[in-house]
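[1] Below is the sequence, then the predicted model.
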Amino acid sequence: MAERNHGLPLSRRRIIWEETNGSVGEKPFLLRPKLIQFRLDTGARESAGKRNAMIRRFAMGTPFTTDTVIREIEPESMERFPFEHRTEDGTFVFSFRMEKDEIVYGLGETVRGINKRGWTYRSWCSDEPNQTETKQALYAAHNLLIHGKHGIFIDFPGEIRWDIGDTRVDETSVTVSGTDLDIYLIQEDAPLAIVREFRGLIGQSYIPPFWAFGFQQCRWSYFTAEEVRQVIRGYDDAKIPLDCVYLDIDYMERYKNFTVDRKAFPDFERFVRETKEKGIHLIPIIDAGVKKEEGYSVYEEGRERGYFLKNAEGTDFEGAVWPGAVGFPDFLRPEVREWFGKQYRHLTDMGVDGFWNDMNEPAVFYSAKGLKNALDEAEESRGKNLDLNGFFHLKNAFTGLANNPADYGDMHHLIGGKLISHPKVHNLYGASMTRAAGEFFEKEFGKEKILLFSRSSMTGSHRYGGIWFGDNNSWWAHILQCLKMLPSVNMCGYLYCGADLGGFGENSTRDLVLRFLALGVFTPLMRNHSALGTRSQECFRFENPEDFRDVVTVRYRLIPYLYGLLRRASEENGMMFRPLSFDYPDDPIARECETQLMLGDECMIAPVYEQNASGRTVYLPEDMAFFKLSGERVTKEILPKGLHYVNIALNEVPVFVKRGKRVPLCRPAMRTADLDGKPEEYLEF
Ligand code: GLC
């Protein structure tokens, strides 16, 4: 077994972040990343032999190379695969029994609980703007399941169904939509040990620049430079810290990637400089589809070089997204990734140093073929008396246009001279777009220089960028949904992540934005974002913006600590956020608690997630110090192990610190660049 590409083997890359571990000790806590020093421990933590024994690979057929796994492990014959399995109609099915109280973890970005039991999930990257609990798939394919002493990772880029005690309460049954696949089995004593082994297998997680931990404001859209200036002014006048403002699709000229609408943003280069001088990073969106337009160089180049997805006939597949007809770059091909990656230079040359990649499942509003069929049906319906069937048939012809399975079936990748049908590799698409950008940034600027995160992902892209959880809603339930995803995506490699705070779709309210932010204080990506047509939800627009200042200020006091946690989790293949059940496996209440999380080795977080609640019930699995943080104010109370009701005002952020631990707080600032690097005080127990 050898490690490919990734420098020192993990066992020799054990990096000890003494300065950032936050534990009680003599070491000073250094805040600025350039000042943080680390020591390489070259002693082997685990012998390679032992690690070999823990991970087994089972291969079937000719698996598609996804590049997700970075270590080579000799495959064993499927006959030795320890779970009941069979092939059936071109699928591979395996199943295992679950004990009554066993928890099943994994699958990363999904709806529902941290414990995945009782539902069927699908790995099928989906443009899903309505994240209700009855959905089976969101934007990601994170194919890791943890069950007892086993981690099961399926390295396969097509659809997988995970029926986890849904059909039969005591059985998990997994259906892989193909018979060319790799399955890795990781055997370890505890879930965190399984996660560490798994993460060693897939390579180190992306680390963003330090400033990406600052507070970020987004909206679809700030249409002009002047609107962006107003947002920055609004935050500055209200004295609410801020580091980034986003540019959604309307900064572009007719939604063309790598262009800028010069009427709305005249002299964009100067504008980027102007905002940088104010300490603000502008983060433009990039969509997967490239507008089909004569004279638009990116499109013409892509077409001439044959870089766009094909249809079954071998000509360019024609689908539509924001700009109407687009070509979808075939990101699975290295030469296309290289070409697309270089396009970001249009914007980095102007001083831009952060991007969010979107619509890369890929989302398809309609295809040329699909729209033609629907319009033909409408034409045929003209003048007819449409009864129940007739009406719904016509309606569905239009509502079914977007992200239609027939269109995905018509898409083809040209790999090694052969057309490969898109559904076979669907889940790799968005991940490969992230890779295209990430590889370019690393080559051009080095690591940790450019902020990058994506909507769609498949494990593997965690090495190149972060993720956000897509189009949630301004619903109270989505605070908890975000909380539950955090440890799950951490398991699968995604550390830089977060939800649209305040909720993306529908109108938010002041109290919801505040409570959402109080969770967002801890998420590496802390971004307020809302959809076109919804109520504005920038913090300074609400009554008593001081409350928002109090919450966001707490974030800035915690940034060096949080940044250190992410770094360490990346270097050591650990998790920033863990379910309580990871840390207290024998505590029956902690095992079921899914409204609180362990953060780092020091603390526990428990946000308020219900409207009109002046606090919440919290379970302490051991004695803890309960801190309420608000602006620069801190209150402390020691609480014994057990259940408590704690009051938490709208402008307060609760944190629970374990005995013998401490969390450093620094002096706040309006920008991350102005954080001074010294701990001012500690949350200590
Ligand atoms: C998608 C994204 C959302 C963005 C919108 C417009 O819905 O998920 O974040 O604001 O497109 O670009």
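    Sure thing, it's come through.

[2] And the helices in the stretch 501-650 of the chain, which stretches?
    Counting by DSSP state H, counting those that start in this stretch, the stretch 501-650 of the chain has these helices, from start to end: 510-520, 545-571, 580-583, 588-592.

[3] And these: which comes nearest the ligand?
    Closest of the helices of the stretch 501-650 of the chain to the ligand is helix 510-520, at 15.5 Å (criterion: CB to the nearest ligand atom). Any C-beta I mention is one placed from the backbone N, CA and C, and that applies to glycine too.

[4] mean confidence score for that closest one?
    What helix 510-520 shows for mean pLDDT is 99.

[5] With stretch 142-159 instead?
    97.

[6] now the helices of the stretch 501-650 of the chain as CSV including distance to the ligand?
    As requested, those are arranged in CSV below (distance: least, CB to the nearest ligand atom, whole Å):
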stretch, distance to the ligand
helix 510-520, 15
helix 545-571, 21
helix 580-583, 30
helix 588-592, 32
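
[7] As CSV, the ones you listed with mean neighbour count would be great.
    Output for those, formatted as CSV (neighbours: other CB atoms under 10 Å):
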stretch, mean neighbour count
helix 510-520, 24
helix 545-571, 24
helix 580-583, 22
helix 588-592, 16
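
[8] Enumerate the residues of this structure near the ligand.
    Proximity of the chain to the ligand (CB under 6 Å from any ligand atom) is limited to residues 220, 248, 249, 285, 358, 455, 470, 471, 529.

[9] Please tell me which one of the residues you listed counts the most neighbours.
    When neighbours are counted by other CB atoms under 10 Å, residue 455 leads the residues of the chain next to the ligand with 28 neighbours.

[10] And the residues of the chain next to the ligand, which two are furthest apart?
    In terms of CB to CB, these reach their longest pairwise distance at 249 and 470, which sit 15.3 Å apart.

[11] what about residue 159, neighbour count?
    Neighbours of residue 159 under the rule other CB under 10 Å: 20.

[12] For it, what are phi and psi?
    Backbone torsions of residue 159, given as degrees, to the nearest 10, read phi -70, psi 140.

[13] Tell me who's in contact with it.
    122, 123, 124, 177, 423, 426, 427 (CB atoms under 8 Å, 6 or more residues apart in numbering).

[14] From residue 529, how far off is whichever residue of the stretch 201-350 of the chain sits closest to the ligand?
    When CB to the nearest ligand atom is the measure, the stretch 201-350 of the chain has its nearest residue to the ligand at residue 220, with 3.6 Å between them. Residue 220 is 8 Å from residue 529, where distance means CB to CB, to the nearest Å.

[15] Identify the bridge partners of whatever residue of the stretch 251-400 of the chain ends up closest to the ligand.
    Nearest residue of the stretch 251-400 of the chain to the ligand (CB to the nearest ligand atom) works out as residue 358 at 5.0 Å. Per DSSP bridges, residues listed as beta-bridge partners of residue 358: residue 287.

[16] hang on, isn't it packed against residue 455?
    Yes - using CB atoms under 8 Å, residue 358 makes contact with residue 455 at a distance of 5.1 Å.

[17] Okay, buried residues for stretch 191-198 please.
    For stretch 191-198, burial by neighbour count (16 or more other CB atoms under 10 Å) applies to 191, 192, 194, 195, 196, 197, 198.
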